[in-house]
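Undergrad: with the input below, show me the fold.
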Amino acid sequence: MVLAEELAKQQKSISVAEFFEKNKHLLGFDSPVRGLITTLKEAIDNALDACEEAGVLPDILVIIKKTPSGSFTITVEDNGPGIIPEQVPFVFGKLLYGSRFHQVRQSRGQQGIGISAAVLYAQLTSGVPAMVISRTGAKTKAHRFTLMIKTQTNEPDVLSHEEIDWSLPHGTRIELEFESSMSAKKRLLEYLKYTSIVNPHARFRIEIDGESATFERVSGEVPPCPQSIKPHPYGIEFGILKRMAAASEMTVDLFLQEEFSRVGKKTAAEILAHAGMKGSLKASRLEPGDLKKLLTAMQEVKIPAPPASSCLSPIGEDLILSGIEKEFALDFVKSRSRAPGVFSGHSFVVEAAIGYGGRLEAEGTARILRFANRVPLLYQQGACAITQSIAAVNWKGYGIAQSGLPVGPVLILVHIASTNVPFTSESKDAVASIPEIEKEIVLALQELGRDLKAFLSRRDRNRIAEDRARAVCAIIPDIARKVSEIVEKPVPETAAIEGRIMRRVVVKRELLDGKVQIRIDNHTTKPVELTLYDISPDTGEGATVAPDFSSDLDGEVTKCWRVVVEPASSWVTLYPGAGGGSLTVQGMDESKMVVMDCEE
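TA: Next comes the predicted model:
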């Protein structure tokens with residue numbers, strides 16, 4: 001008896017903040033490096049969601065600096081609609097506080113844990129409060145808060161609040177300080193690069209310890225903001241149904257029609273008939289036995305899948321290609337978007353892309369890019385259903401070596417858009433094994449595998465012809481130089497002769513008197529549309545034909561031109577540079593094109 005009383009005195013409730021303070025690994029804060037990545041992820045997710053809900057093209061600034069004490073500050077600033085001052089302490093200083101948990105629609109954040117967990121992690125490792133600036137309009141002042149989380153009560157502790165002048169007309173800025181190391185720099189840039197691929201409408205500016213990088217947007221259209229829908233009957237469990245019915249003042253007939261997606265008058269009557277229940281009964285007066293009959297009937301009656309067009313916002317095949325082409329120079333790339341599917345009453349869409357060649361590593365496992373609701377998944381790759389689905393495809397049948405996962409210069413992208421992505425944990429690093437989702441991933445990859453196989457087969461068939469073309473194109477300039485010496489005349493331009501002999505498109509890149517020249521000669525009878533990727537340390541500034549876009553990463557600048565060359569015509573651009581790097585060309589059959597990169 002005495003022992004039981006002593007044990008009873010030790011029992012007490014635990015706040016959610018106190019729980020996650022001791023179990024921060026559950027949220028992805030299990031190491032200093034990963035803590036930095038997770039903090040950046042949560043801040044950017046909030047920024048992108050806010051901008052899209054406001055219909056604003058996201059312009060996001062990320063600053064990471066080392067402090068004199070050896071810790072790091074991470075700052076994320078966006079141009080979204082801002083947060084009203086009354087809500088700022090709760091959004092950043094209270095776990096499980098948000099606006100999207102009860103909404104059935106696609107969004108990056110859902111549980112109201114992410115950014116407040118980052119604030120909790122920062123105060124745990126550094127003891128420094130978070131600083132938040134928010135402004136809702138040009139006619140109002142900005143509000144600056146410094147705050148922490150009271151872990152015992154899971155309530156915000158506002159240390160200061162003042163109105164200030166701020167250069168942005170609207171937006172939010174958060175600054176956190178915690179212990180980490182710059183070994184995360186490569187991973188940070190990788191995360192931002194991948195985020196820009198699946199958010200091609202966003203612009204990211206990064207400053208890490210004085211070094212700057214920019215991931216430019218390639219789309220000027222804000223994706224439509226998903227609209228919230230009612231829950232679908234197939235995704236309802238008994239406890240949820242009981243709570244919904246108890247809170248309703250409607251009859252069961254109207255309750256089914258008003259509270260659930262895809263249930264009309266006819267479907268409601270069918271459910272009630274199947275359950276042997278009168279529609280005139282009050283939903284709030286249903287006994288547990290009646291609710292179980294109703295739930296069983298809801299699962300057995302055939303009900304159309306929930307609408308995906310309004311509650312989901314997939315990227316789209318064209319924008320996926322634009323995002324990949326912006327960051328990777330590939331010889332081949334294709335994308336596919338599957339038709340919407342449903343699991344447990346939740347809508348989802350699987351999108352996938354495959355790339356080959358270019359500057360991808362020739363050896364080793366394929367590069368796998370996993371995304372859920374436009375967010376990169378960087379950790380727990382082996383535990384993810386996306387990885388398992390990729391391994392389930394017979395890649396050898398498509399001309400790709402395989403050792404579990406495909407091997408070689410291959411890039412595979414898979415994106416899942418859903419009203420409820422089934423993650424394996426709160427850290428949202430891996431997708432759970434849901435048969436419906438895995439099936440759609442495999443089907444999408446098989447479609448892309450057939451496209452890749454056709455490309456590889458065509459390339460192999462034309463390899464001999466290509467070698468002959470290169471041999472001819474290589475010897476003609478030597479012949480021209482020898483002849484010019486004999487007749488004592490200037491060396492003639494041989495590109496036209498090479499093209500007429502081979503009846504091909506000749507793409508030539510060379511260094512001429514301190515300038516890099518890229519020239520296209522179309523000796524075919526049809527117009528050609530090409531995309532050129534010139535990757536080198538040269539910026540391309542001052543080019544006679546400016547690139548359509550360029551991106552700088554780790555000192556390598558990718559310059560891209562999209563070109564249309566008419567029959568018997570040429571296209572030329574020159575820019576100051578030292579040369580080096582490589583040139584990749586996409587857009588037409590390799591058998592009809594000769595690429596001469598004299599800088600290789």
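
Undergrad: domains in the chain, by residue range?
TA: What the record gives for the chain is the domain set 16-215, 233-300, 318-461, 493-597, from automatic domain parsing.

Undergrad: save those as TSV, and put in distance to Gln227, mean pLDDT and mean neighbour count too.
TA: Quick note: C-beta positions are derived from backbone N, CA and C, even for glycine. Compiled in TSV, these are given as follows (distance: least, C-beta to C-beta, whole Å; pLDDT from 0 to 100; neighbours: other C-beta atoms under 10 Å):
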stretch	distance to Gln227	mean pLDDT	mean neighbour count
domain 16-215	6	82	19
domain 233-300	12	85	16
domain 318-461	11	88	19
domain 493-597	32	83	17
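
Undergrad: wait, which of these is closest to Pro223?
TA: When the domains of the chain are compared by C-beta to C-beta, domain 16-215 sits nearest Pro223, at 6.3 Å.

Undergrad: centre of the chain to the closest one, how far?
TA: 18 Å (C-alpha atoms, centre = their mean, to the nearest Å).

Undergrad: do stretch 247-255 as well
TA: 41 Å.

Undergrad: need the contact partners of that stretch.
TA: By C-beta atoms under 8 Å, 6 or more residues apart in numbering, the residues outside stretch 247-255 that reach it are 244-245, 258-259, 265, 268-269, 272, 277-284, 286, 294.

Undergrad: so which of those belong to strands?
TA: In strands, defined here by DSSP state E, there are no members of the contacts of stretch 247-255.

Undergrad: quick one: the strands in the stretch 301-450 of the chain?
TA: 332-337, 341-343, 346-356, 367-372, 375-376, 401-403, 405-407, 410-418 (DSSP state E, counting those that start in this stretch).

Undergrad: what pLDDT does the model give Arg463?
TA: On the pLDDT scale, Arg463 is placed at 66.

Undergrad: for the closest residue to Lys282 other than its chain neighbours, phi and psi?
TA: The shortest distance from Lys282 to any non-neighbouring residue, by C-beta to C-beta, 6 or more residues apart in numbering, is to Thr251 (6.3 Å). Thr251 adopts backbone torsions of phi -70, psi 160, taken as degrees, to the nearest 10.

Undergrad: thinking again about what came up before, reformat the domains of the chain into a markdown table and put distance to Ser309 next to each item.
TA: Shown next, in a markdown table, are the domains of the chain (distance: least, C-beta to C-beta, whole Å):
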| stretch | distance to Ser309 |
| --- | --- |
| domain 16-215 | 11 |
| domain 233-300 | 13 |
| domain 318-461 | 8 |
| domain 493-597 | 30 |
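
Undergrad: out of those, which is closest to Ala471?
TA: domain 493-597 (10.7 Å).

Undergrad: follow-up on the earlier one: looking at the strands of the stretch 301-450 of the chain, which is closest to Asp521?
TA: strand 332-337 (23.5 Å).

Undergrad: what's the spacing between that closest one and its chain's center?
TA: 15 Å.

Undergrad: CA atoms of it as CSV?
TA: What follows is strand 332-337, C-alpha atoms only, in CSV (Å, rounded to 0.1, in the frame of the first residue of the first chain):
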residue,chain,number,x,y,z
PHE,A,332,18.0,12.1,-72.1
VAL,A,333,15.1,13.0,-69.7
LYS,A,334,11.4,12.1,-69.6
SER,A,335,8.6,12.5,-67.1
ARG,A,336,5.2,10.9,-66.4
SER,A,337,2.3,11.9,-64.3
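
Undergrad: sorry, back to before: helices - which of the contacts of stretch 247-255 land there?
TA: With helices defined by DSSP state H, the entries of those inside them are Met244, Ala245, Glu258, Glu259, Lys265, Ala268, Ala269, Leu272, Leu294.

Undergrad: what sits against the second one?
TA: Spelled out, that is Ala245. Per C-beta under 8 Å, 6+ apart, neighbours of Ala245: Phe255, Ala283, Ser284, Leu286, Leu291.

Undergrad: now the residues you listed in CSV, with distance to Tyr121?
TA: As requested, the contacts of Ala245 are exported to CSV (distance: C-beta to C-beta, whole Å):
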residue, distance to Tyr121
Phe255, 43
Ala283, 43
Ser284, 43
Leu286, 45
Leu291, 41
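
Undergrad: out of these, the closest to Leu330 would be?
TA: Phe255 (53.1 Å).

Undergrad: now the helix or strand containing that closest one, how far from the centre of its chain.
TA: In this structure, Phe255 sits in helix 252-259 according to DSSP states H and E. Averaging C-alpha positions (C-alpha atoms, centre = their mean) puts helix 252-259 38 Å from its chain's average.

Undergrad: re earlier: out of the domains of the chain, flag the one nearest Leu3.
TA: That would be domain 16-215 among the domains of the chain, by C-beta to C-beta, at 25.8 Å.

Undergrad: what residues are up against the nearest residue to Val333 once chain neighbours are set aside?
TA: Distances taken as C-beta to C-beta, 6+ apart place Gly355 nearest to Val333, at 4.2 Å, with adjacent residues excluded. Residues in contact with Gly355 (C-beta under 8 Å, 6+ apart) are Ile324, Phe328, Leu330, Phe332, Val333, Val410, Leu411, Leu413.

Undergrad: let's go with 6 Å and repeat that
TA: Going by C-beta atoms under 6 Å, 6 or more residues apart in numbering, Gly355 touches Leu330, Val333, Leu411.

Undergrad: go on, Val88?
TA: Val132, Ser134, Phe145.

Undergrad: at 7 Å instead, please
TA: Residues near Val88 by C-beta atoms under 7 Å, 6 or more residues apart in numbering: Val132, Ser134, His143, Phe145.

Undergrad: ok, now Val585?
TA: Contacts of Val585 (C-beta under 7 Å, 6+ apart): Val507, Leu530, Leu532, Met593, Val595.

Undergrad: again, 10 Å this time
TA: Taking C-beta atoms under 10 Å, 6 or more residues apart in numbering, we find Val585 in contact with 329, 331, 505, 507, 509, 518, 520, 530-534, 563, 593-595, 597.

Undergrad: which of these fall within helices?
TA: Using DSSP H, none of the contacts of Val585 sit in helices.

Undergrad: can I get stretch 385-402 in PDB, CA atoms only?
TA: C-alpha atoms of stretch 385-402 as PDB (Å, rounded to 0.1, in the frame of the first residue of the first chain):
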ATOM      1  CA  ALA A 385       8.500   2.700 -50.200                       C
ATOM      2  CA  ILE A 386       9.800   4.800 -53.100                       C
ATOM      3  CA  THR A 387      13.200   3.100 -53.000                       C
ATOM      4  CA  GLN A 388      11.600  -0.300 -52.600                       C
ATOM      5  CA  SER A 389       9.400   0.300 -55.600                       C
ATOM      6  CA  ILE A 390      12.400   1.400 -57.700                       C
ATOM      7  CA  ALA A 391      14.200  -1.800 -56.700                       C
ATOM      8  CA  ALA A 392      11.100  -3.900 -57.700                       C
ATOM      9  CA  VAL A 393      11.400  -2.800 -61.400                       C
ATOM     10  CA  ASN A 394      13.400  -5.100 -63.700                       C
ATOM     11  CA  TRP A 395      15.800  -2.500 -65.000                       C
ATOM     12  CA  LYS A 396      17.800  -5.000 -66.900                       C
ATOM     13  CA  GLY A 397      14.900  -5.400 -69.300                       C
ATOM     14  CA  TYR A 398      15.300  -1.700 -70.100                       C
ATOM     15  CA  GLY A 399      19.000  -1.900 -70.800                       C
ATOM     16  CA  ILE A 400      20.200  -0.700 -67.300                       C
ATOM     17  CA  ALA A 401      22.500  -2.700 -65.100                       C
ATOM     18  CA  GLN A 402      20.900  -3.600 -61.700                       C
END
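
Undergrad: great, nothing more from me.
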